[in-house]
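Undergrad: Model the following, please.
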Amino acid sequence: MKRILLFTMMLMCCFAIAQAQQATILDVNKTSTVNVIIDFSKASIHNMTESEFAEYEEDFYKDMPELKSKLIHDFNRAKNVDFVIGSFPSAVYTLKIEILYVGLKGDIMSNSTIVDSEGNVIAEVKDLYAKGGHIGTKLNLIGDGMYRTGKLLSRSLGSMIMEQEEILSQCQRI
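TA: Below is the predicted model of the structure:
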């Protein structure tokens, strides 16, 4: 019985050490900048592929930087995390946002992943749904969805950080 108990405690210690060596969302939150990549390549936009939608809406690629900046701006403005996202290629962490679906009113479904420089996944936000707009051109409606995606993603990551901080503080009390 003592051997089983000793083995279990050693296993738990090894697990704790392994967890301590892997970066967490708390480590990401301690940095000042995080690189961001926003990918529409697998998206269904108004029931079309990205290239089909770009043929239909000729300004899509021209307006792409503005659409992406709307998401980045609202993420950073929300202030739910201690870091800012943007074009920081030398940053230790990268936030990859994969747009999965864009509806007729600009509603957006996305998956987001934070990875370190070695490609290890630190955090994920799956199936984030943000409402688009009601009035305007198709690109304006998508822009409204991008604003809301940035705000909701910041809120989701902020909640993850708060949960991890709470878990850490409870572990430290033990």
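
Undergrad: For the residue lying closest to Gly136 once chain neighbours are set aside, give its distance to Asp74.
TA: Distance criterion CB to CB, 6 or more residues apart in numbering; nearest residue to Gly136, sequence neighbours excluded, is Asp144 at 7.5 Å. (C-beta placed from N, C-alpha, C; glycine too.) Distance of Asp144 to Asp74, given as CB to CB, to the nearest Å: 10 Å.

Undergrad: who has more neighbours, the two?
TA: Asp144 (22 against 19; other CB atoms under 10 Å).

Undergrad: Would you enumerate the residues in contact with that one?
TA: Asp144 makes contact with 106, 131-133, 136 under the criterion CB atoms under 8 Å, 6 or more residues apart in numbering.

Undergrad: next one: Lys131
TA: Shown in contact with Lys131 (CB under 8 Å, 6+ apart): 105-107, 144-145, 148.

Undergrad: what do you get for Ile25?
TA: Applying CB under 8 Å, 6+ apart, the residues contacting Ile25 are 114, 122-123, 157, 160-161, 164.

Undergrad: Need these in TSV (columns: pLDDT).
TA: Listed next are the contacts of Ile25 as TSV, based on pLDDT from 0 to 100:
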residue	pLDDT
Ile114	97
Ile122	96
Ala123	96
Leu157	97
Met160	95
Ile161	95
Gln164	89
